[in-house]
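Asker: Using only what follows, build the 3D model:
(one chain, ligands or ions: 1)
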Amino acid sequence: MPTTLRWLAACDRGLAAAGRQLQVLERRRADAGWIAAMDDLNVTIEDASGPVSFIVNVHPDKAVREAAQACELRWQDFLSTLGQNRRLYDAARRVKPRDAIDRAFLQETIDNFVDAGVGLPDAPRQRAKALNDRMTEVGQVFAKNVRDDATRVPYTQDELAGVPEAGWKDRPRDEQGRVLMGLDGPSFDAVMGHAEQAAARERMYRARYAMGGEANLALLGELVRLRHEYAGLFGYASYDDFVLRRRMAHDLGRAQRFLGEVKAAVAERELRELRELRDEKARHLGTPPEATRIERWDAYFYTERVRRARYSVDQEAFRPYFPPQESLRFVLKVAERLLGVRYTPVAARLWHPDVQAYVATDVRSGKPLATLYVDLYPRDGKYNHAAVWSLRGASTRLNRTAEAALVVNMDRRGLTLDELETLLHELGHALHNNLSATRHASQAGTSVLRDFVEAPSQMLEDWVYDRRVLALFQEVCPACRPVPEAMLKQAVSAREYGKGVQFARQHLYASYDLALHAADAPEPQATWVRMESATPIGHAEGTMLPASFGHLAGGYAAGYYGYLWSLVVAMDLRTAFAKDRLDPAVGLRYRQRVLSQGSQRPPEQLLRDFLGRETDAKAFFADLQK
Ligand SMILES: [Zn+2]
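Answerer: Residues are numbered from 1 along each chain as shown. Below is the predicted model:
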């Protein structure tokens, strides 16, 4: 049977199994055992539908991706119907919880029913389902348009002056012999960070921010209107209000106040850095500084130049020290040393020959905990950022182990220090899934609140700047030369440089997202042009960043501020590791009190349990001043 038909058959089987289990649950008494039965249903759904959404993003065969996408829509229909199941909703409200964990499970379950529209009158309830289904469909097409974009930017060798030869030598050529660069991370970074000619960088920048095109701008506009209408069905003035009431931030005012504080803390620094970049550009081109302007495609290039000139740091110089496979072994070793989990490679035939599988076991007990899949390198049709998919949530009640897939797009030549940081960040998400030990699978690992979920990953980011942590590299690869101490020292000091520009950008993204989902549900591109134009560098006419801003089309709508919000938590978490980033005792406490708890306790409580005090933003704002 062809693969796609096999996929369709598997889709039918999964839906049928979930449907049968749902019928049994509907007839079940709402006693203390109901919670486990509801969790069991969620497990069946997760096992059958999780791989479907994942395969859409990584399968090398386009026909399979499309079959999976069609299956995903059928699951969406199943889930939006389930979300409005009155019998289950009534049962959830009748069940008496035995303890705080069961109470949290019930509250979350009830909230999900409410947010799916179960309590609405007939007409708006039906509309809520239709809107939910349509939003999923629109989000799918948006993501597909980005993923399947096969644009190649042609360059002559002269135009690539400055770009390390290893970064383009093996690329395909067009009939005129020009090098064809894709829009994937390694290609984009190579040109934007190194091409001496502004025109070469500008072409790459414009190609990258044309991705998705007018089609995706229209889809994002539709999504914004649908979300606004959806919030309105529940009596909320905006989608921001609808979403934020369920987050750590609680309400829009608090999220905006926080963003305002971030902005105030970095505004001056951003301007100072931009003046320095302008001076660097003037020196580079021999133009008078007053007549020199920093364009969008200059910022990254000149930041790297200043870093090289002032701190003698060249990210490219790290690649020979961090081969990809050894880098993976290194981050897994960090997890082993700090958190007591060992990763052992196992043979498995997966969606692509490059993909690897690991079994995670608890170092002390030898107990198997999880399976981790790792997909390291870019290829056509593959998700083009870095992310982790939680495919299975663990459950102590079911003796169920976890399963996650880590997907990145690394350069086969080796990683820069920045890329090693990205790999460790993503491993942080995988660990949150793998080391979860909640009672119920529905509360496992990364099911935590969206403005908390980045904290465990962001916490680990600065581990790669620690000489003692990096020394683990030689344990996994004795043949790899250690990064010279001076080089690392320089990277540590250079790290602070560029923070003003970088945080201002994150602030812009977060504010843009909140603005899009505000009460007036404005038009995406016009709003973006207005907001980006108000920044010191301004907007490059003709570019359309929102057309490929996948976070906003997907699950981060009214939630992008969560990256900055989580970073506050991450920096507070780091204070516990200030003396020793590899302290196994602190690591174990962190694993037990934060990572293993998933969403069965509120994040504020996890932080209190681990830190021994209320969490605060002191470390974050102190860092912004550094
Ligand atoms: Zn992340």
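Asker: what's stretch 476-483 in contact with?
Answerer: Contacts to stretch 476-483, defined as C-beta atoms under 8 Å, 6 or more residues apart in numbering, come from residues 318, 320-321, 323, 326, 329-330, 332-333, 470-471, 473-474. C-beta here means a position set from N, CA and C on the backbone, and glycine is covered the same way.
Asker: Flag every buried residue along it.
Answerer: Buried residues in stretch 476-483, counting neighbours by 16 or more other C-beta atoms under 10 Å, are found at 476-477, 480, 483.
Asker: Regarding that stretch, how distant is the last residue from the first?
Answerer: From its first residue to its last, stretch 476-483 covers 14 Å (C-alpha to C-alpha, to the nearest Å).
Asker: any idea how far that stretch is from the chain center?
Answerer: Stretch 476-483 sits 30 Å away from the centroid of its parent chain (C-alpha atoms, centre = their mean, to the nearest Å).
Asker: try stretch 602-617
Answerer: 23 Å.
Asker: Show me what counts as buried in that stretch.
Answerer: Across stretch 602-617, burial judged by 16+ other C-beta under 10 Å covers 602-603, 606-607, 610-611, 615, 617.
Asker: hmm, back to that, wait, which of the contacts of stretch 476-483 is closest to the ion?
Answerer: The nearest member of the contacts of stretch 476-483 to the ion, counting by C-beta to the ion, is Leu332 at 17.6 Å.
Asker: so the nearest residue to the closest one once chain neighbours are set aside, which of the three states?
Answerer: Spatial nearest neighbour of Leu332, excluding adjacent residues (C-beta to C-beta, 6 or more residues apart in numbering): Tyr343 at 4.2 Å. Secondary structure of Tyr343, reduced to three states by DSSP: H, G, I helix; E, B strand; the rest coil: strand.
Asker: State the distance from Tyr343 to the ion.
Answerer: Going from Tyr343 to the ion by C-beta to the ion, to the nearest Å gives 19 Å.
Asker: per-residue confidence for that residue?
Answerer: According to the prediction, Tyr343 has pLDDT 98.
Asker: now do Lys144
Answerer: pLDDT recorded at Lys144 is 92.
Asker: what about it, distance to Gly428?
Answerer: According to C-beta to C-beta, to the nearest Å, Lys144 and Gly428 sit 28 Å apart.
Asker: The two - which one has more neighbours?
Answerer: A count of neighbours by other C-beta atoms under 10 Å puts Gly428 above the other of Lys144 and Gly428, at 23 against 17.
Asker: I'd guess that one is in a helix, am I close?
Answerer: Yes - Gly428: assigned to a helix according to three-state DSSP.
Asker: and it, what does it touch?
Answerer: Gly428 makes contacts with 456-460, as judged by C-beta under 8 Å, 6+ apart.
Asker: just Leu488 next, same as before
Answerer: Per C-beta under 8 Å, 6+ apart, neighbours of Leu488: 465, 467, 470.
Asker: what's the neighbour count on the nearest residue to Pro320 once chain neighbours are set aside?
Answerer: Counting by C-beta to C-beta, 6+ apart, Pro320 lies nearest to Gly414, which is 5.9 Å off, once chain neighbours are set aside. Per other C-beta under 10 Å, the neighbour tally for Gly414 reads 21.
Asker: dump the residue contacts of the residue in the stretch 1-150 of the chain that the ion sits nearest to.
Answerer: Nearest residue of the stretch 1-150 of the chain to the ion (C-beta to the ion) works out as Asn57 at 15.2 Å. The contact partners of Asn57, by C-beta under 8 Å, 6+ apart, come to 143, 147, 382-383, 389, 407.
Asker: By neighbour count, which of these wins?
Answerer: Busiest of the contacts of Asn57 [other C-beta under 10 Å] is Trp389, holding 23 neighbours.
Asker: Show me how far the helix or strand hosting it is from its chain's centre.
Answerer: In the assignment (DSSP states H and E), Trp389 maps to strand 387-392. Distance of strand 387-392 from the chain centroid (C-alpha atoms, centre = their mean) equals 11 Å.
Asker: helices or strands up against that strand?
Answerer: Packing contacts for strand 387-392, counted by 3 or more C-beta pairs under 8 Å, 6 or more residues apart in numbering; DSSP states H and E, involve helix 34-58, strand 402-407, helix 417-434.
Asker: Can you get me a residue count around whichever residue of the stretch 151-300 of the chain sits closest to the ion?
Answerer: Residue nearest to the ion within the stretch 151-300 of the chain (C-beta to the ion): Gly185, separated by 14.6 Å. Per other C-beta under 10 Å, the neighbour tally for Gly185 reads 18.
Asker: cool, and Glu276?
Answerer: Neighbours of Glu276 using other C-beta under 10 Å come to 18.
Asker: Contacts only, for it.
Answerer: By C-beta under 8 Å, 6+ apart, Glu276 lies in contact with Val306.
Asker: Can you report phi and psi for it?
Answerer: Torsion angles at Glu276 (phi, psi; degrees, to the nearest 10) stand at phi -70, psi -40.
Asker: For it, give its distance to Arg305.
Answerer: Distance, Glu276 to Arg305, by C-beta to C-beta: 10 Å.
Asker: residues from the protein in reach of the ion?
Answerer: Where the chain comes near the ion, counting by C-beta under 5 Å from the ion, the residues are 454, 457.
Asker: try 8 Å this time
Answerer: For the chain, the residues in contact with the ion (C-beta under 8 Å from the ion) are 386-388, 425-426, 428-429, 453-454, 457-458, 563.
Asker: Now the buried members of these.
Answerer: The neighbour count (16+ other C-beta under 10 Å) marks 386, 388, 425-426, 428-429, 453-454, 457-458, 563 as buried among the residues of the chain next to the ion.
Asker: and which of the residues you listed is nearest Tyr300?
Answerer: Closest to Tyr300 out of those is Ala386 (17.6 Å), distances taken as C-beta to C-beta.
Asker: Per-residue pLDDT of the nearest residue to Thr438 once chain neighbours are set aside, please?
Answerer: Nearest-residue entry for Thr438: Gly598, 4.2 Å, with adjacent residues in sequence omitted and distances by C-beta to C-beta, 6+ apart. The model reports Gly598 with a pLDDT of 97.
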